[in-house]
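Asks: sequence first, predicted coordinates after that:
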Amino acid sequence: MKLFRIKAHQVMANYRKPMSYNFVDSYPLPPISTIKGWFHTVIGAKDYIPISMSIQGISSSVAYDLQKMIKFDRIRKKEKIDQIILPDFKKALSQSPTYVANLFETDLIIYLLTDHEHITTFQENLFTTEYPHIGRNEDLTRIDSMEWVEVQEKSFGFQNAHTIDYGIYINRSKGLEMGLDGLNFRMPFKYEIKNDIRYFNRLDIMYIENGVPNGECLYDEKENRIIDLIGDYHGSGNLC
């Protein structure tokens with residue numbers, strides 16, 4: 001099977017977890033929705049494109065930054081509080097101190113599987129629209145390499161051990177099947193809009209940064225990485 005492999009580096013990054021307000025926490029790696037959205041934005045997609053991916057990487061450290069958060073708020077007429085009122089929007093501006101988790105020196109390896117024509121457009125557009133960034137707009141991303149690679153199905157076990165010493169997202173069912181343990185997330189992947197409301201389809205994902213898999217999975221021999229594709233593209237990958 002052929003996959004498109006991207007190797008990238010970010011000096012600073014925050015992959016914000018939903019519902020983290022007073023403390024802006026970060027996923028350990030970009031969530032699948034972030035990479036999917038990044039891909040769709042770069043190619044200028046007007047419609048949804050099925051895609052599967054494997055997101056891997058490691059950061060050198062985490063630092064916590066104190067920032068001022070300014071946001072729209074309700075107008076509190078009955079409370080004795082100073083507010084900046086925006087009458088045209090019928091809203092007020094509020095501000096509060098907020099801690100933000102920043103990952104430093106993050107090295108990423110991202111494997112993508114989708115139609116070859118979309119990968120070609122991604123390669124052509126990546127450096128022509130704006131400087132690459134993953135996550136926040138300010139989290140600039142250095143692209144070290146992009147290439148098609150051949151990966152093979154490989155069996156791991158006692159006589160052919162592989163040690164995971166890097167961060168990786170895998171499907172939770174696959175992780176349990178291979179006897180692995182890690183952090184469990186129910187990540188949003190795609191959504192449908194009904195009556196102007198977004199309804200998210202979520203996937204059960206396991207984040208692993210150490211372990212010894214037992215079973216079969218895809219393997220990139222050059223990078224010595226196991227691969228478990230997450231997503232909804234079901235093509236063969238032999239399209240380039």
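Replies: Yes, it's here. Numbering: from 1, shown residues only.

Asks: only C-alpha atoms from now on, for both contacts and neighbour counts.
Replies: Noted.

Asks: now the strands for this structure?
Replies: Ranges of strands within the chain are 2-13, 23-24, 52-73, 84-86, 91-113, 142-150, 152-156, 167-171, 183-194, 197-208, 215-220, 225-227, 230-231, based on DSSP state E.

Asks: most neighbours per residue, which of those?
Replies: Mean neighbours per residue, mean count of other Cα atoms under 10 Å, is largest over the strands of the chain for strand 167-171, with a mean of 24.

Asks: how far off centre is the longest helix seen in the chain?
Replies: As assigned by DSSP state H, the longest helix anywhere in the chain is helix 32-43. Distance of helix 32-43 from the chain centroid (Cα atoms, centre = their mean, to the nearest Å) equals 9 Å.

Asks: rank the strands of the chain by pLDDT, which is bottom?
Replies: Lowest mean pLDDT within the strands of the chain: strand 84-86, at a mean of 71.

Asks: how near is L112 to I193?
Replies: Here L112 is placed at a distance of 26 Å from I193 (Cα to Cα, to the nearest Å).

Asks: what's the distance between the residue lying closest to Y99 once chain neighbours are set aside and W148?
Replies: In space, and not counting its chain neighbours, Y99 is closest to L66: 4.6 Å by Cα to Cα, 6 or more residues apart in numbering. L66 is 41 Å from W148, where distance means Cα to Cα.

Asks: then Q95?
Replies: Q95 sits 47 Å away from W148, going by Cα to Cα.

Asks: and Y64, by the same measure?
Replies: On the measure of Cα to Cα, Y64 and W148 end up 37 Å apart.

Asks: do the same with T128
Replies: As defined by Cα to Cα, T128 lies at a distance of 21 Å from W148.

Asks: cool, and G44?
Replies: 21 Å.

Asks: and what of T129?
Replies: To W148, T129 is 23 Å away according to Cα to Cα.

Asks: try F158
Replies: Noted for F158: a distance of 31 Å to W148, by Cα to Cα.

Asks: cool, M53 as well?
Replies: Distance from M53 to W148, by Cα to Cα: 13 Å.

Asks: do N160 as well
Replies: N160 sits 26 Å away from W148, going by Cα to Cα.

Asks: picking up where we left off before, now the strands of the chain in JSON lines, with distance to R136?
Replies: Shown next, in JSON lines, are the strands of the chain (distance: least, Cα to Cα, whole Å):
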{"stretch": "strand 2-13", "distance to R136": "7"}
{"stretch": "strand 23-24", "distance to R136": "12"}
{"stretch": "strand 52-73", "distance to R136": "15"}
{"stretch": "strand 84-86", "distance to R136": "26"}
{"stretch": "strand 91-113", "distance to R136": "11"}
{"stretch": "strand 142-150", "distance to R136": "14"}
{"stretch": "strand 152-156", "distance to R136": "34"}
{"stretch": "strand 167-171", "distance to R136": "20"}
{"stretch": "strand 183-194", "distance to R136": "17"}
{"stretch": "strand 197-208", "distance to R136": "21"}
{"stretch": "strand 215-220", "distance to R136": "29"}
{"stretch": "strand 225-227", "distance to R136": "26"}
{"stretch": "strand 230-231", "distance to R136": "22"}
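
Asks: look up which residues are beta-bridged to the closest residue to F185 other than its chain neighbours.
Replies: Using Cα to Cα, 6+ apart and skipping the chain neighbours, the partner closest in space to F185 is I205 (5.1 Å). Here I205 sits in beta bridges with N171, F185, going by DSSP bridges.

Asks: check contacts around I205.
Replies: Y169, I170, N171, R172, N184, F185, R186, M187 (Cα atoms under 8 Å, 6 or more residues apart in numbering).

Asks: next, format these as CSV and append distance to M12.
Replies: What follows is the contacts of I205, written out as CSV (distance: Cα to Cα, whole Å):
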residue, distance to M12
Y169, 20
I170, 24
N171, 27
R172, 28
N184, 24
F185, 23
R186, 25
M187, 22
